[in-house]
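# dropping the sequence and predicted coords here.
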Amino acid sequence: MIEAPAAKPTPKMPATSHKPQKYSGPSREEVWAMRKAYLTPALFHVYKEPIMIVEGHMQWLFDDTGKRYLDCFAGIVTVSVGHCHPKVMAKVNAQNALVQHTTTIYLNPAVALLGKKLASKLPEGLDCSYIVNSGSDANDLAMLMARMHTGNHTIIALRNSYHGGSAGPMGLTSHSTWKYNNGNGDGVLHAINPDPYRSPFTGTPEEIVDKCVDDVRSLIRYSSSGRVAAFIAEPMQGVGGVTSPAHPSYYEKVYKVIREAGGICISDEVQTGFGRTGDHYWGFQNYGVVPDMVSMAKGMGNGCPMACVTTRHDIAKVLASRIHFNTFGGNPVSSTQALATMEVIDEENIQANAKKVGTFIIDGLRAMQSRHSLVGDVRGKGLMIGIELVKDRASKTPAKEETIKVLDIAREHGVLIGKGGLDGNVIRLKPPMCITMEDAQFLLDVLDVAFGDARG
């Protein structure tokens, strides 16, 4: 008789010295009822049973019962240096005690210091920043400036991209699941994504990239006036499932094509910025290019509403032709939090940690891939990691139901992860960048169990 394989031991969560406060607010059931009664039905949750988070500390989250979770999604790639990081909170609390809001019609040191710090992290010339509140705001403003500066209207984005949920960026977004049928996308064309895993093209990685660049040329020639305002892309697609070009030459080649057609090049660093990819502070630096404009948000503020567009002064000056104003952009408290976050990234070697721990996780996942046929592809860089789950590797049929099971099983073991991709079959691992090697091993152990149990 063949014996069944021995069950894997339950992964042991690393210890923490943090003791959560006892929660005394409304019950999870009461909050769920209020949310359904008083908040928009567009809100969704990712688990069979909603989870209620009431406290956070660094890489840990706690629910209303006091249960602890390793956060491996970071508020959708937003908490960069850790929940309620003590150094960040000390500066934010001090600013709150002085003045909370003034707007930029008055001088305040916080936003000026933030602009100077951003310029120090970007290539020479990219030193003119407009602070806003969200990634959607930033990309909307980037579209406006690009069109005004160039005098052209057409913007080219990539298929499978996500650039925001307001009207303009929704047009840039290339996921039917994130787009309403309301005519968004005027003047936006979507080029074929250079992702190798699901590319319609065959050949070597460089051949795939060259065919994708030819697609951009074709769009300009046949679907525009021959002149374009901009090309915008995420260096690594976030919502799309952590996809990136088949060959690193893609951005150099496509930037050249766009600039020849009169356009500027925009790097959407909302998810890839601030050291997350490990080797570099910005995602575009992984490809040896310099964009004309950078949009950023999420990890910039470590959880507060904070975003920005940084460009050259010759581009930014177009906004001075009219009155343009953002009431909360540059808010002293938010600016202080962003500046403190960037200081912690430097002081605590957060970018180096993203590279070290991220490489360990990716290597562990690729080793695990041989044991789990559910895992079709492992990709990413630093602490921006995607795991595409498939029914079988030959057909690459998306394993949608199994992906949901993996999320629920991981949650049971105390790990919170995300999902993405057009078919919702990509596990997204993007934890706070303070995560440790011990935490990473725990994550791998949990996923090893989850992949096996989800397949059944």
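Received the coordinates, thanks.
# closest to the centroid, which residue in this protein?
Nearest to the geometric centre of the chain sits residue 271, at 2.7 Å (CA atoms, centre = their mean).
# state the distance from it to residue 450.
23 Å (CB to CB, to the nearest Å). To be clear about C-beta, it is placed using only N, CA and C from the backbone, and glycine gets the same treatment.
# doesn't residue 337 make contact with residue 110?
No. Residue 110 lies out of contact with residue 337 (CB atoms under 8 Å); the separation is 9.2 Å.
# now for the residue nearest to residue 230 when sequence neighbours are not counted, how many residues are close by?
Leaving aside its sequence neighbours, residue 230 sits nearest to residue 146 (CB to CB, 6 or more residues apart in numbering; 3.8 Å). If you count neighbours by other CB atoms under 10 Å, residue 146 ends up with 26.
# got the contact list for residue 146?
Contacts for residue 146 (CB atoms under 8 Å, 6 or more residues apart in numbering) come out as 155, 229-230, 263-264, 266, 293, 315.
# could you redo those as TSV and give each row secondary structure, distance to residue 244 and pLDDT?
Shown next, in TSV, are these (DSSP: H, G, I helix; E, B strand; the rest coil; distance: CB to CB, whole Å; pLDDT from 0 to 100):
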residue	secondary structure	distance to residue 244	pLDDT
155	strand	21	98
229	coil	24	98
230	strand	20	98
263	coil	22	98
264	strand	22	98
266	strand	17	98
293	strand	20	98
315	helix	26	98
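# export the residues you listed as a markdown table, with columns for distance to residue 104 and neighbour count.
Putting the contacts of residue 146 into a markdown table (distance: CB to CB, whole Å; neighbours: other CB atoms under 10 Å) gives the following:
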| residue | distance to residue 104 | neighbour count |
| --- | --- | --- |
| 155 | 27 | 29 |
| 229 | 26 | 28 |
| 230 | 25 | 26 |
| 263 | 29 | 27 |
| 264 | 25 | 26 |
| 266 | 23 | 30 |
| 293 | 20 | 25 |
| 315 | 19 | 20 |
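# of these, just say which sits nearest to residue 427.
Taking CB to CB as the measure, residue 427 lies nearest residue 266 of these, at 28.2 Å.
# that closest one and residue 425, how far apart?
Counting by CB to CB, the gap from residue 266 to residue 425 is 29 Å.
# could you grab the helix/strand/coil label for residue 360?
Assigned with DSSP: H, G, I helix; E, B strand; the rest coil, residue 360 falls in the helix class.
# next: residue 280.
Of the three states, residue 280 takes coil under three-state DSSP.
# surely it touches residue 286?
Yes. Using CB under 8 Å as the test, residue 280 is close enough to residue 286 to be in contact (5.7 Å).
# re earlier: the residue nearest to the centre of the chain falls within a strand, correct?
No. Counting by three-state DSSP, residue 271 falls outside a strand, being coil.
# what's the neighbour count on the residue nearest to it when sequence neighbours are not counted?
In space, and not counting its chain neighbours, residue 271 is closest to residue 238: 3.8 Å by CB to CB, 6+ apart. When neighbours are defined as other CB under 10 Å, residue 238 has 25 of them.
# would you mind measuring from residue 238 to residue 290?
Distance, residue 238 to residue 290, using CB to CB: 22 Å.
# likewise residue 383?
From residue 383 across to residue 290, the span is 24 Å (CB to CB).
# more neighbours: the two, which one.
residue 383 (32 against 16).
# the more buried one and residue 447, how far apart?
As judged by CB to CB, residue 383 and residue 447 stand 15 Å apart.
# equivalent analysis for residue 27, please.
Noted for residue 27: a distance of 31 Å to residue 447, by CB to CB.
# more neighbours, those two?
Taking other CB under 10 Å, residue 27 and residue 447 do not tie; residue 447 has more neighbours (28 against 11).
# in what helix or strand does the more buried one lie?
Residue 447 is part of helix 437-455, with elements assigned from DSSP states H and E.
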